[in-house]
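Asks: Structure, please.
(one chain, ligands or ions: 1)
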Amino acid sequence: MTEDNIKKVADILLKNKYIVALTGSGISVASGLRTFRGKNGLWEEYNPQALEISYFYEHRAESWDWIYKLFFEPLKNAQPNAAHYALAELENMGKLNAIITQNIDGLHQAAGSKNVIEFHGTTRNLICTKCGADYSRDEIDFSILPPRCAKCGEILKPDFVFFGEMIPHKAAEYAYHHAMHCNVMLIIGTSGVVMPAADLPRIAKQNNATLIEINLEQYNERFFAPDIFIQGDANVILPKLVEEIKK
Ligand code: ZN
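Replies: Take a look at the predicted model:
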């Protein structure tokens, strides 16, 4: 029963001190953003090979047409949803140490979460591929594509991880540290098939953390089995969980 499980999870969070959340694109669906995999996922419509870093460097100007369409245009109207706000509230209550997110949408920060590790980088910044200057997304005029560096004129790259690129060093370091030391990991809205992020729950489990999964469908069990699985929309489940903890 979902309600019983929510009570059980609230208890676990109340009893434990070091809690982290691992989130994926499923948490942003209620904000109007699409997932990459699964039904209606972006990869059903677009070829993920176009996100290869080598492809980008060979076709920078053309790449920007669909990079803008896929990643920047949808964000213009996207607002955090109840799941993002619930996680921000958990952090405020001292019941969430960090969010490790695979999302590049910045919605956790927009909801007020402070300790957010962007495992796959972010759309909040763009970097010059020549001189390394960095720009906030808000500074860029996307009506002229591709966006160019104000200093040297070179084409900018979004500061998220393309296929074939390394996970940002600091983000990886923090994420593995949390996975190794947390008592509880909440796994929310992720299909768990993208390595190395999919390995984080396994590492947590190996170090005796309790794994709690909140997903529309069961996470890929090749990597781990959750201790508690709550099937449903995080947008509905997480606010209930916060209410239960406040009781
Ligand atoms: Zn530059």
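Asks: what's the nearest residue to L96 if we skip its chain neighbours?
Replies: L90 (3.9 Å; C-beta to C-beta, 6 or more residues apart in numbering). Where you see a C-beta, it was placed from the backbone N, CA and C, and this is true even at glycine.
Asks: What helix or strand is that neighbour located in?
Replies: helix 82-92 (DSSP states H and E).
Asks: where does the protein come near the ion, residue by residue?
Replies: 128, 130-131, 133, 149, 151-152, 154 (C-beta under 5 Å from the ion).
Asks: Are any of those residues buried, and if so which?
Replies: 128, 149, 154 (16 or more other C-beta atoms under 10 Å).
Asks: shouldn't the first one be in contact with K151?
Replies: Right, the one you point to is C128. Yes - C128 is within contact range of K151, at 7.0 Å (criterion: C-beta atoms under 8 Å).
Asks: Just the helices from the chain, written as ranges.
Replies: Along the chain, counting by DSSP state H, helices occupy 2-15, 42-45, 53-58, 60-67, 82-92, 107-110, 169-181, 200-206, 234-246.
Asks: which residues touch the second one?
Replies: Residues outside helix 42-45 that contact it (C-beta atoms under 8 Å, 6 or more residues apart in numbering) are 34-37, 70.
Asks: okay if I get those as CSV plus pLDDT and neighbour count?
Replies: Shown next, in CSV, are the contacts of helix 42-45 (pLDDT from 0 to 100; neighbours: other C-beta atoms under 10 Å):
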residue, pLDDT, neighbour count
R34, 78, 16
T35, 75, 20
F36, 72, 18
R37, 68, 16
L70, 87, 16
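Asks: Give me the contacts around stretch 59-74.
Replies: Stretch 59-74 is contacted by residues 32-34, 42, 46, 50, 55-56, 104, 123, 129, 137, 142, 145-147, 155, 157-158, 160 when judged by C-beta under 8 Å, 6+ apart.
Asks: And stretch 148-163, by the same measure?
Replies: 48-49, 51-53, 56, 60-61, 64, 67, 71-72, 104, 120-131, 133-135, 140, 146-147, 167-168.
Asks: Can you select the buried ones among those residues for me in ChimeraX?
Replies: To isolate the buried members of the contacts of stretch 148-163 in ChimeraX, using 16+ other C-beta under 10 Å:
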select :51,56,60,64,67,71,72,104,120,121,122,123,124,125,126,127,128,135,140,146,147,167,168
